[in-house]
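S.K.: Show me the folded form of this:
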Amino acid sequence: MIFAKIDFINLLPFHIFIKKNIKSTQLKSIIEYKKSYPSYINHKFKTRKVDSAFISSIASRNEKFLDFGIVAKNDVLSVLLIPGESQNDFQSQTSNALAKVLELEGKVIIGDKALKFYHENKDVEKIDLAKYWKDKYKLPFVFAVLCYNSNKIALSKLTKNFNKNHIKIPQYILEQYSKRSGVSKNNITLYLKKIDYNLGLKEKRSLKLFLDLTKQKGLK
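M.R.: Numbers count the residues shown, from 1 in each chain. Okay, here's the model as predicted:
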């Protein structure tokens, strides 16, 4: 099973969990190898170069997925819009579409660089797109879902046993991610508390609403 990894901080607890619970050394190396940013992984999944991956919500239409994804219950800090001239972030299809669905104009920035920007530019006007969605629709926002082309049973077993509250992130890994991203270890820890992974009724309703709205606007 080739599993593609979104190489952002928001999936750090899940990847630590996988490393501890998958025994195959070969599979571990594949998971580490097949990593990139969301829009690139979407392409790899759609062209069947990988078996499973966290796929951007907008790209999940008509795909098979588990009740598992990347969810923001309220603000997320890592998906921002800086008001002004519209500019997409090439790394994300969902966040670019979200800005258009919310009828907001500005520069979209996502991921670790957005989290760094948030903490380093407190005085700059910015909109947290997940919070804007929550305020408007009273629903959490689903940024990605765990899709699969095969190996549903194996993936289901993995996600069933995952509980982010039971995942302890080693200090040396926090240090690595902090150096790489420019975000302090403390801010990484606080940020991860804002991320959830389970898709319940509200999350599925939110995902359906988002896909309906993007379809109405001709976005994909």
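
S.K.: residue ranges of the strands in the protein, please?
M.R.: For the chain, strands defined by DSSP state E occupy the ranges 3-6, 35-36, 52-56, 65-72, 79-83, 106-110, 127-128, 141-148, 195-198.

S.K.: I'd like these as TSV, with mean neighbour count and mean pLDDT appended.
M.R.: No exception for glycine: its C-beta is placed from N, CA and C like everyone else's. Shown next, in TSV, are the strands of the chain (neighbours: other C-beta atoms under 10 Å; pLDDT from 0 to 100):
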stretch	mean neighbour count	mean pLDDT
strand 3-6	24	72
strand 35-36	16	69
strand 52-56	26	89
strand 65-72	22	96
strand 79-83	23	98
strand 106-110	22	97
strand 127-128	19	98
strand 141-148	26	95
strand 195-198	18	95
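
S.K.: So which of the ones you listed is nearest residue 121?
M.R.: strand 79-83 (8.9 Å; C-beta to C-beta).

S.K.: Would you mind pulling up the elements that the closest one packs against?
M.R.: Counting contacts by 3 or more C-beta pairs under 8 Å, 6 or more residues apart in numbering; DSSP states H and E, strand 79-83 is packed against helix 94-101, strand 106-110, helix 111-120, strand 127-128, helix 129-137.

S.K.: quick one: buried residues of the helix ranked longest in the chain?
M.R.: Using DSSP state H to define each element, the chain has its longest helix at helix 201-216. Neighbour counts using 16 or more other C-beta atoms under 10 Å place 203, 206, 207, 209, 210, 211, 213, 214 of helix 201-216 among the buried residues.

S.K.: per-residue pLDDT, the residue nearest to residue 181 when sequence neighbours are not counted?
M.R.: Spatially, and ignoring its direct neighbours in sequence, residue 181 is nearest to residue 112 (4.1 Å; C-beta to C-beta, 6 or more residues apart in numbering). You'll see residue 112 listed with a pLDDT of 95.

S.K.: Count the residues that sit near residue 112.
M.R.: Applying other C-beta atoms under 10 Å, we find 19 other residues in the vicinity of residue 112.

S.K.: related to what we said a few turns ago, okay, the helices and strands packed on strand 79-83 in a markdown table with distance to residue 48 next?
M.R.: Output for the helices and strands packed on strand 79-83, formatted as a markdown table (distance: least, C-beta to C-beta, whole Å):
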| stretch | distance to residue 48 |
| --- | --- |
| helix 94-101 | 21 |
| strand 106-110 | 25 |
| helix 111-120 | 25 |
| strand 127-128 | 35 |
| helix 129-137 | 30 |
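
S.K.: so which of the ones you listed comes closest to residue 73?
M.R.: Residue 73 sits nearest to helix 129-137 of all those, at 7.5 Å, using C-beta to C-beta.
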